[in-house]
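Novice: Here's a sequence, model it:
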Amino acid sequence: MTTNCIGCGREIPAERAELGYTYCTAAACQAQFRRGPTVTAVAVNKSGDAFRVAEPDEIAARAAAGEFATKNTGLGTAPVETPRIPSPRRAPRRPVAARTARPSWTSAQENVVRLYADMGLSPRQIAERARENTPRLGITEALAVRVLSAPRR
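Specialist: As a prediction, this is how the structure comes out:
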């Protein structure tokens with residue numbers, strides 16, 4: 001059984017006819033006969049758009065009624081300045097001398113650890129390789145982690 005388009009008379013594919021369509025996919029027929037819901041994106045502050053599926057007339061009526069308008073959630077919450085109560089007088093603090101944090105490792109240890117880390121080795125592998133190649137430096141896995149965690153000097 002073949003079904004023809006009600007607009008132009010062309011044959012409609014069987015799949016389309018089974019879905020209940022009586023018109024073809026030609027642009028002119030689509031413009032003339034297509035009816036159905038429209039997907040409308042409604043912009044929402046600080047998040048993705050909210051999508052509404054409805055008839056265009058319904059969307060227009062809901063928008064005119066203010067459903068999609070910005071909601072003013074700050075009603076009656078004007079900022080109020082509170083008076084500052086002076087705190088009791090305290091003795092002025094003396095500035096603490098800034099400590100220069102000195103690492104607990106030598107530059108030779110850092111160089112070896114960073115070299116092996118740049119090669120893609122893990123702290124455990126760094127400690128094993130350093131134990132084989134430079135045992136006098138005493139590089140442990142814990143030391144490798146501390147060096148890699150610290151900023152470069």
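Novice: Low-confidence stretches in this protein?
Specialist: Low-confidence segments of the chain (pLDDT under 70): 1, 45, 70-80, 91-92, 95-101.
Novice: which residues of it fall in helices?
Specialist: Ranges of helices in the chain, per DSSP state H, are 14-18, 27-33, 56-64, 107-118, 123-133, 141-149.
Novice: Okay, buried residues for the last one please.
Specialist: It refers to helix 141-149. Across helix 141-149, burial judged by 16 or more other C-beta atoms under 10 Å covers 143-148. For the C-beta atoms, the positions are set from N, CA and C on the backbone; glycine is no exception.
Novice: which one among these gets closest to R84?
Specialist: Using C-beta to C-beta, R146 is the member of the buried residues of helix 141-149 that lies nearest R84, at 44.8 Å.
Novice: can I assume the closest one is in contact with W105?
Specialist: Yes. When contacts are counted by C-beta atoms under 8 Å, R146 is listed as touching W105 (7.1 Å).
Novice: quick one on the thing from earlier: distance to Y21 added to the buried residues of helix 141-149, as TSV?
Specialist: Output for these, formatted as TSV (distance: C-beta to C-beta, whole Å):
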residue	distance to Y21
L143	74
A144	69
V145	67
R146	71
V147	71
L148	65
